[in-house]
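S.K.: Only the shape, not the letters, is given here:
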């Protein structure tokens with residue numbers, strides 16, 4: 001009996017294997033028939049939307065699987081006019097520093113929109129602004145407005161890297177567009193205290209010292225350090241942003257500081273009609289959120305079917321406290337939209353048209369019943385919006401990078417330099433052709449390296465005269481670019497480019513091969 005059962009089991013197994021082989025052959029034939037009428041891929045280009053209207057893809061994402069679309073407000077739904085907004089922030093910060101006791105001369109400083117890029121670091125010990133590549137290696141280093149020579153970088157940073165474990169402890173990250181005035185002010189203050197020659201007006205100027213000093217030294221210097229300067233600038237930054245003066249000035253002149261785009265209401269309306277749910281999750285306070293969103297979505301041309309900006313969202317949370325929102329969070333409270341006062345009651349569900357404050361990701365998930373990969377969150381802050389929501393809770397992410405619009409233009413305008421870099425890379429490879437470990441005479445690449453350095457420098461400065469491209473330096477990716485690739489599923493200079501795609505679209509990432517696979521593809525006959 002047991003032998004018979006075993007034989008029947010083997011016969012069934014063999015039958016299943018034959019059926020599987022038959023199905024596989026039929027699938028292969030079906031695929032060949034399907035592709036037979038289509039020309040070889042190498043014979044035509046894949047159709048793509050125009051660069052200025054495109055969403056760029058790092059990871060495949062199906063919009064038809066997304067149930068909730070969330071938005072940050074500042075620099076996402078609300079785009080600030082540059083450099084007007086940054087200049088306002090800068091002026092308010094310098095004014096506050098003067099009120100703290102800094103020399104009155106700094107009130108004459110002006111914001112330089114051509115200087116800083118985001119994604120750089122401020123060395124709290126030596127006062128340098130540093131751009132690093134994706135491996136943490138230093139690409140360029142500025143002390144005030146003076147670029148450090150290679151030997152100076154070597155003296156200060158022997159390994160030519162900034163250790164990742166020292167980020168925030170010593171190297172302060174400047175990842176957001178809000179940080180551009182801060183970076184510019186660090187540079188101007190370092191220039192003021194260290195680099196500029198004294199004149200009659202400033203002969204008694206207070207000088208700072210670098211923060212390295214042996215505290216046991218008998219000649220201990222009690223004058224302020226760069227760390228003190230950093231702390232004061234951060235106090236000024238908090239005063240401007242958290243104290244309310246920047247928001248007050250912005251609300252007094254919305255037209256000057258905030259861009260208004262009629263396409264915003266159209267997109268949010270289409271989300272509502274598609275069946276997707278939308279939410280607003282911002283760190284801005286309820287009063288400011290209401291003022292800005294009213295300006296953007298209400299007015300004489302209010303869309304039909306909507307009586308308030310709140311009607312465009314299923315959930316609205318202000319003063320969210322990101323990135324803390326994605327961890328322990330705070331108490332969730334409802335805000336009375338008429339008085340602005342907080343209500344004291346238990347919140348068992350989110351109600352459309354209501355305004356909430358605080359909360360946490362855990363409570364948000366509980367009250368909405370959503371799963372992480374069902375959410376697409378749109379924001380501009382690489383840390384607070386993208387990394388934390390992606391890394392901890394697996395939200396799908398779309399990073400808004402306004403600078404990308406200019407970066408794309410510069411690439412298009414400098415195709416000749418790109419071509420020259422590729423030719424020089426080819427010449428370098430040719431110089432080492434057929435050389436192996438038996439070779440004793442290295443090729444003379446002095447001229448080649450000089451030209452490469454010159455072309456890369458010229459190309460970088462076409463993006464920004466100080467720090468180059470936000471995404472690269474020559475063939476090296478910046479750390480910011482690495483974070484974008486790792487944590488942003490999608491990115492664009494304007495999330496409203498989603499209007500150019502159906503809301504059931506399948507975003508497909510380009511295949512990024514490792515070097516050995518690239519070589520194999522290039523040499524496949």
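M.R.: Perfect, thanks for sending it. Worth saying up front: this structure is predicted, and the values here are computed from it rather than measured.

S.K.: Report the next helix or strand after the helix or strand hosting residue 246 in sequence order.
M.R.: Applying DSSP states H and E as the criterion places residue 246 in helix 245-252. Helices and strands here follow DSSP H and E; after helix 245-252, the next one along the chain is helix 254-257.

S.K.: Any stretches of the stretch 151-300 of the chain with poor pLDDT?
M.R.: Within the stretch 151-300 of the chain, the ranges that satisfy pLDDT under 70 run 196-223.

S.K.: can you pull out the strands in the stretch 251-400 of the chain?
M.R.: 277-281, 315-318, 333-335, 355-357, 375-379, 396-400 (DSSP state E, counting those that start in this stretch).

S.K.: Please identify which of those strands is closest to residue 424.
M.R.: strand 396-400 (32.0 Å; C-beta to C-beta). Heads up, the C-betas are built off the backbone N, CA and C, glycines and all.

S.K.: and the angle from that closest one to strand 375-379?
M.R.: Going by axes from the mean of the first three to the mean of the last three C-alpha atoms, to 10 degrees, strand 396-400 is angled at 20 degrees with respect to strand 375-379.

S.K.: ok so, going back, so what secondary structure elements neighbour the helix holding residue 246?
M.R.: Counting contacts by 3 or more C-beta pairs under 8 Å, 6 or more residues apart in numbering; DSSP states H and E, helix 245-252 packs against helix 84-99, helix 286-297.

S.K.: can you put those helices in CSV and add mean neighbour count and distance to residue 440?
M.R.: CSV is the format used below for the helices and strands packed on helix 245-252 (neighbours: other C-beta atoms under 10 Å; distance: least, C-beta to C-beta, whole Å):
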stretch, mean neighbour count, distance to residue 440
helix 84-99, 20, 57
helix 286-297, 21, 69
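
S.K.: export those to JSON lines and tack on distance to residue 479?
M.R.: Below are the helices and strands packed on helix 245-252 laid out as JSON lines (distance: least, C-beta to C-beta, whole Å):
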{"stretch": "helix 84-99", "distance to residue 479": "22"}
{"stretch": "helix 286-297", "distance to residue 479": "31"}
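
S.K.: who wins for proximity to residue 347 among those helices?
M.R.: helix 286-297 (15.1 Å).

S.K.: ok, the spatially most central residue of the chain - contacts?
M.R.: Of all residues in the chain, the one closest to the mean position by C-alpha atoms, centre = their mean is residue 382, 3.9 Å from it. By C-beta atoms under 8 Å, 6 or more residues apart in numbering, the contact set of residue 382 is 119, 175, 176, 399, 480, 483, 484, 487, 488.

S.K.: again, but for residue 495
M.R.: 71, 76, 378, 398, 400.

S.K.: Would you mind confirming that the first one makes contact with residue 289?
M.R.: Pointing back at residue 71 there. No - taking C-beta atoms under 8 Å as the definition, residue 71 is not a contact partner of residue 289, at 11.4 Å.

S.K.: so what sits against both of the two?
M.R.: residue 280.

S.K.: returning to that earlier point: could the strands of the stretch 251-400 of the chain go into a markdown table alongside mean neighbour count and distance to residue 453?
M.R.: Listed next are the strands of the stretch 251-400 of the chain as a markdown table, based on neighbours: other C-beta under 10 Å; distance: least, C-beta to C-beta, whole Å:
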| stretch | mean neighbour count | distance to residue 453 |
| --- | --- | --- |
| strand 277-281 | 22 | 45 |
| strand 315-318 | 24 | 50 |
| strand 333-335 | 20 | 57 |
| strand 355-357 | 22 | 53 |
| strand 375-379 | 24 | 37 |
| strand 396-400 | 26 | 32 |
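
S.K.: Which one of the ones you listed lies nearest to residue 234?
M.R.: Of the strands of the stretch 251-400 of the chain, nearest to residue 234 by C-beta to C-beta is strand 375-379, at 22.5 Å.

S.K.: In the sheet, which strands lie alongside that closest one, parallel or antiparallel?
M.R.: strand 68-71 (parallel), strand 396-400 (parallel) (DSSP bridges).

S.K.: Out of the ones you listed, which is closest to residue 226?
M.R.: strand 396-400 (31.6 Å).

S.K.: Please list the outside residues in contact with the closest one.
M.R.: 55, 61, 66, 75-76, 373, 375-380, 382, 385-386, 389-390, 484, 487-495, 498.

S.K.: and with 7 Å instead?
M.R.: 61, 66, 75-76, 373, 375-380, 382, 386, 389-390, 484, 487-492, 494-495 (C-beta atoms under 7 Å, 6 or more residues apart in numbering).

S.K.: Appreciated, that's everything.
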